[in-house]
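Asks: any chance you can model this:
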Amino acid sequence: QVQLVESGGRLVQPGDSLRLSCVASGGTLSDFAVGWFRQAPGKEREFVATITGTGFATTYADSVRGRFTISRDNTGNTAFLQLDSLKPEDTGVYYCAADRRARTSPADYIIWGQGTQVTVSS
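Replies: Coordinates of the predicted model:
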């Protein structure tokens, strides 16, 4: 069973950048599409970005398109989310998830990491 571990979240100021990592173990990440989701306090988990197993196709939420970049290194069994031009409304716990298909609903993913906290505040 594939397990996912996220890292890279921390407190940053508006306009800063972060790179989140999602490392897979117990399986081959290239067999799966990877999605990134986030959840702010008191809100539902929302879609951020997804990438296919080959890395050839990506999809972004409107709120992050042009600021965030999803990528993957299948050799290293790792997926990434580059967050640029961060805003306070980007604050939340960021989760990576894996499934056979690249989809945008959290309900479609069965493999999840534990999350990493991103806080954007001055």
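Asks: where does the protein dip in pLDDT?
Replies: Across the chain, nothing is flagged by pLDDT under 70.
Asks: center of it - which residue?
Replies: For the chain, the residue nearest the mean C-alpha position is W36 (2.7 Å; Cα atoms, centre = their mean).
Asks: helix, strand or coil for that one?
Replies: Assigned with DSSP: H, G, I helix; E, B strand; the rest coil, W36 falls in the strand class.
Asks: for it, give its distance to T54.
Replies: To T54, W36 is 17 Å away according to Cβ to Cβ, to the nearest Å. In this view, the C-beta of every residue, glycine as well, is placed from N, C-alpha and C.
Asks: skip the chain neighbours and tell me the closest residue to the residue nearest to the centre of the chain.
Replies: V48 (4.3 Å; Cβ to Cβ, 6 or more residues apart in numbering).
Asks: pairing partners for the strand or helix carrying that neighbour, with directions?
Replies: Element membership for V48, per DSSP states H and E: strand 46-51. Strand pairing for strand 46-51, using DSSP bridges, gives strand 33-39 (antiparallel), strand 58-60 (antiparallel).
Asks: which residues touch the longest one?
Replies: Spelled out, it's strand 33-39. 20, 22, 45-53, 70, 72, 79, 81, 90, 92-104, 106, 109, 115, 118 (Cβ atoms under 8 Å, 6 or more residues apart in numbering).
Asks: the nearest residue to S85 once chain neighbours are set aside - how many residues pack around it?
Replies: Residue nearest to S85 in three dimensions, not counting chain neighbours: R67, with 4.7 Å by Cβ to Cβ, 6+ apart. Residues near R67, counting by other Cβ atoms under 10 Å, number 15.
Asks: need the contact list for R67.
Replies: Neighbour list for R67: 83-86 [criterion: Cβ under 8 Å, 6+ apart].
Asks: mind listing what's buried along the one helix or strand C22 maps to?
Replies: Here C22 sits within strand 18-25, counting by DSSP H and E. When burial is assessed from 16 or more other Cβ atoms under 10 Å, strand 18-25 yields the following buried residues: 18, 20-24.
Asks: of those, which is the nearest to Q3?
Replies: Closest approach between the buried residues of strand 18-25 and Q3, by Cβ to Cβ: A24, at 7.0 Å.
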